[in-house]
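Colleague: here you go, sequence then predicted model.
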Number of protein chains: 2
Amino acid sequence: MDERIREHAAVLVDWSARVEAGDDVVLSVGPDAHELAVAVAEKLGERGANLLATYSSGEVSRAYLRAHDGDFDENPDHERALLEETDVYLSIGGGRNTSATADVPGETRQAHRSARTEIREARYETRWVSTVHPTRSLAQQANMAYEEYQEFAYDAILRDWESLADEMAQLKTLLDEGSEVRLVSQGTDLTMRIDDRTAVNSAASVDYDSHNLPSGEVFTAPSGTEGEVTFDVPMTLRGEPVRNARLEFEDGEVVDYDAEQGEAVIGEILDTDEGARRLGELGIGMNRGIDRYTDNILFDEKMGETVHLAVGRAYDACLPEGESGNESAVHVDMITDVSEESRLEIDGEVVQRNGTFRWEDGFEERED
Amino acid sequence: MDERIREHAAVLVDWSARVEAGDDVVLSVGPDAHELAVAVAEKLGERGANLLATYSSGEVSRAYLRAHDGDFDENPDHERALLEETDVYLSIGGGRNTSATADVPGETRQAHRSARTEIREARYETRWVSTVHPTRSLAQQANMAYEEYQEFAYDAILRDWESLADEMAQLKTLLDEGSEVRLVSQGTDLTMRIDDRTAVNSAASVDYDSHNLPSGEVFTAPSGTEGEVTFDVPMTLRGEPVRNARLEFEDGEVVDYDAEQGEAVIGEILDTDEGARRLGELGIGMNRGIDRYTDNILFDEKMGETVHLAVGRAYDACLPEGESGNESAVHVDMITDVSEESRLEIDGEVVQRNGTFRWEDGFEERED
């Protein structure tokens, strides 16, 4: 076995999910993630945790969903009972075709999702972590050769997370203490209020309220957004390529939008509900192990020298106790490159310029 | 998709497990059983059942078991909760190596098994059915080419089960009404008492107390065994090849044994506990779709023109209400060919001669 697979498993089990003896663990395995599943099982055995493996296949889901009449039972008892008794939920994605469910009608997908709200909530109550095993299909989606993609993925995943967490803590402090963020870049000049919000130092561990591996971003829940933003990082939303989407905000709401490509899907997303026209997240990518876009949001949004914004639902972790933030059925991340001609200001002070933070070498204090 | 896979799924879901709308179904999928899982998921969707797929991999188990210190938690809550809420448990085996767990120490395996008694019992409370997807590794174990093995397996699985159930009902009636069975063949002359016992018409459906697909046998729980039996069908027990094992019984107990090959493993099995020296099952194979030995007990014991006996545990379904039959930690089936120079008698009447039953063409009433 490739030693990197064992290291990936160790990071997932020990750093990310903090697995301990006696933990009841569900390991959700993609059809092509078998090797990582074996390595994770070994770690779980060493820790004395209890393992139940589930099978997460796009092709199995597709067959089931397309054959079903769409009137789904609400939160089936067996799956709910399982998740209510689960301490740790590890999802290791990796199929053979990232488009495996492409022909499942949107309404079927939505009906199935809606019927499983309590199951999803029970999962979010566990120490859950999502990662992927680098597969050939993910390499293909990234336009990369298989071995090239493996190197890319392990560079992103096998970080010194403790040291990155320390670095990200600096940005978290600035955001926690700040009231207003301004982002200036090509096609972008946006201000957002962040008073009373708490930033998440997303260091790929449940101990940091962080549930993705890789992670490496600091995010918060903004409000009162004004100005415009252009998302120049290419992406695929709902199966459609989107290029240079531009949103214009007034008083926290999108009042205008366009895109070079994929304008219709942007409109569809914004029309989902009221909350879909407001921001739910401002995230600042700080994982320098991720050095290119691979059309996979798990990696893209954490890339160093990028900033992403999500329309839709805000995360509770960012909000004052008892306060609920922006609500929506969607949470759609879009990314902008800040490596050139860009600056990020908090309360008028530049904290990042052209992708370099003020505590890094190469950052110059100058009049912008 | 091979149409036979769809037919296999339909038999499993409709005939074997009698799945209905609203059933909470666990589908346990082997790593190489993906295609059958897709076909089963489609059927479950059509029926409006609720699907949770689990992943059953020998390599994952091996990694977990070998890494564990062997002090296993008893009946982990999450898995128990799942099974207690499950209506139907479908196991579709099929890995890439039938020896995947060969180097897991026996004591670890046994400790893990013992710690999961309640989980196993909860599974037996569901409408459970075990089948296999014909894989290359099973073909290899059978000494067969892949396509040849697929034909063999589907011949065994895609029977007219309703008509076989009707035929088997005739033998069940004779056994239910009979008091003594005598089996005579080369190296075999054995008598067993079956008073008050109920035979199971194992027609591959939970409606017949039958939990294997393929099935096609009638079995009961004998007692008071006298005489000797030679198991001339080759088999592998605990990883060891066994040839022509011979057991000698007095007053229901094995008093002597030998074997051309594998005598040690026979001794080991018989020494497990007191019940391991008595018979738990007499089974008569009636699936003529199975025409050769493939070193897989799921198929071998159902083969037409064979009889199998198991030392160890008896099935409750064969016993009078409230009476417990032979108890043992083991249940080990061994098979004898009755296609030539053989007869099976119930209360002195020949019901099968040289593999042909009295209701079949070619059976002759004659003095033996």
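Modeller: Cool, got the structure.
Colleague: A helix includes A:I269, no?
Modeller: Yes. Counting by DSSP: H, G, I helix; E, B strand; the rest coil, A:I269 falls inside a helix.
Colleague: how about A:L83, nearest residue that isn't a chain neighbour?
Modeller: A:A122 (3.9 Å; Cβ to Cβ, 6 or more residues apart in numbering or on different chains). Using the backbone N, CA and C atoms, a C-beta is placed for each residue, glycine as well.
Colleague: helix/strand/coil for that neighbour?
Modeller: Going by three-state DSSP: A:A122 is helix.
Colleague: any idea how far A:E3 is from A:L175?
Modeller: For A:L175, the distance to A:E3 (Cβ to Cβ, to the nearest Å) stands at 37 Å.
Colleague: how about the residues of the stretch 51-200 of chain A by chain B?
Modeller: Selection of the stretch 51-200 of chain A residues close to chain B by Cβ under 8 Å from any Cβ of the partner chain yields A:51-57, A:59-61, A:63-69, A:71-73, A:76-87.
Colleague: among the residues you listed, which lie within strands?
Modeller: With strands taken from DSSP state E, the overlap with those comprises A:51-55.
Colleague: how deep is the closest residue to A:A10 other than its chain neighbours tucked in, by neighbour count?
Modeller: Leaving aside its sequence neighbours, A:A10 sits nearest to A:K43 (Cβ to Cβ, 6+ apart; 6.0 Å). If you count neighbours by other Cβ atoms under 10 Å in any protein chain shown, A:K43 ends up with 21.
Colleague: from the contact counts, what lies against the helix or strand A:K43 falls within?
Modeller: Using DSSP states H and E, A:K43 sits within helix A:34-47. Helices and strands touching helix A:34-47, as assessed by 3 or more Cβ pairs under 8 Å, 6 or more residues apart in numbering or on different chains; DSSP states H and E, comprise helix A:3-10, strand A:24-29, strand A:50-55, strand A:88-93, helix B:58-67.
Colleague: count of residues packed around whatever residue of the stretch 201-350 of chain A ends up closest to chain B?
Modeller: Proximity of the stretch 201-350 of chain A to chain B (Cβ to the nearest Cβ) peaks at A:V206, 17.3 Å away. When counting by other Cβ under 10 Å, one arrives at 17 neighbours for A:V206.
Colleague: farthest pair within the ones in strands among the residues of the stretch 51-200 of chain A next to chain B?
Modeller: Taking every pair in these and measuring Cβ to Cβ, the maximum separation is 13.7 Å, between A:L51 and A:Y55.
Colleague: quick check: neighbours shared by the two?
Modeller: Common neighbours of A:L51 and A:Y55, counting by Cβ atoms under 8 Å, 6 or more residues apart in numbering or on different chains, are absent.
Colleague: could I get the pLDDT score of the residue nearest to A:A10?
Modeller: Per-residue pLDDT puts A:K43 at 98.
Colleague: for it, what are its contacts?
Modeller: Counting by Cβ under 8 Å, 6+ apart, A:K43 has contacts A:9-10, A:12-14, A:19, B:67.
Colleague: how about those, which pair is most distant?
Modeller: The widest separation within these (Cβ to Cβ) is 14.9 Å, between A:L12 and B:A67.
Colleague: between those two, which one's more packed in?
Modeller: A direct count of neighbours by other Cβ under 10 Å for A:L12 and B:A67 places A:L12 higher, at 25 against 15.
Colleague: would you agree that one falls within a strand?
Modeller: No. Going by three-state DSSP, the assignment for A:L12 is helix, not a strand.
Colleague: test my guess that it contacts A:L90.
Modeller: Yes. Taking contacts as Cβ atoms under 8 Å, A:L12 lies within contact range of A:L90: 6.3 Å.
Colleague: overlap of the contact sets of the two?
Modeller: A:40, A:129, A:131.
Colleague: contacts for whichever strand or helix holds the second one, please.
Modeller: Pointing back at A:V129 there. If you go by DSSP H and E, A:V129 is part of strand A:127-132. With Cβ under 8 Å, 6+ apart as the test, strand A:127-132 has contacts from A:8, A:12, A:16-18, A:30, A:33, A:87-94, A:138, A:153, A:157, A:204, A:206, A:211-214, A:296, A:298.
Colleague: only C-alpha atoms, please: export it in CSV.
Modeller: C-alpha atoms of strand A:127-132 as CSV (Å, rounded to 0.1, in the frame of the first residue of the first chain):
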residue,chain,number,x,y,z
ARG,A,127,-17.9,14.1,14.9
TRP,A,128,-18.3,14.0,11.1
VAL,A,129,-15.5,14.4,8.6
SER,A,130,-15.7,14.3,4.8
THR,A,131,-12.7,13.4,2.7
VAL,A,132,-12.0,11.8,-0.7
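Colleague: give me the helices and strands touching whichever helix or strand comes after that strand, please.
Modeller: Next helix or strand after strand A:127-132 toward the C-terminus (DSSP H and E): helix A:136-141. Other elements packing on helix A:136-141 under the criterion 3+ Cβ pairs under 8 Å, 6+ apart are helix A:146-157.
Colleague: buried sites along the helix it packs on?
Modeller: Residues of helix A:146-157 classed as buried by neighbour count (16 or more other Cβ atoms under 10 Å in any protein chain shown): A:149-150, A:152-157.
Colleague: tell me if I'm right that A:L344 and A:N354 touch.
Modeller: No. Look at A:L344 against A:N354 with Cβ under 8 Å: they stay out of range, at 10.2 Å.
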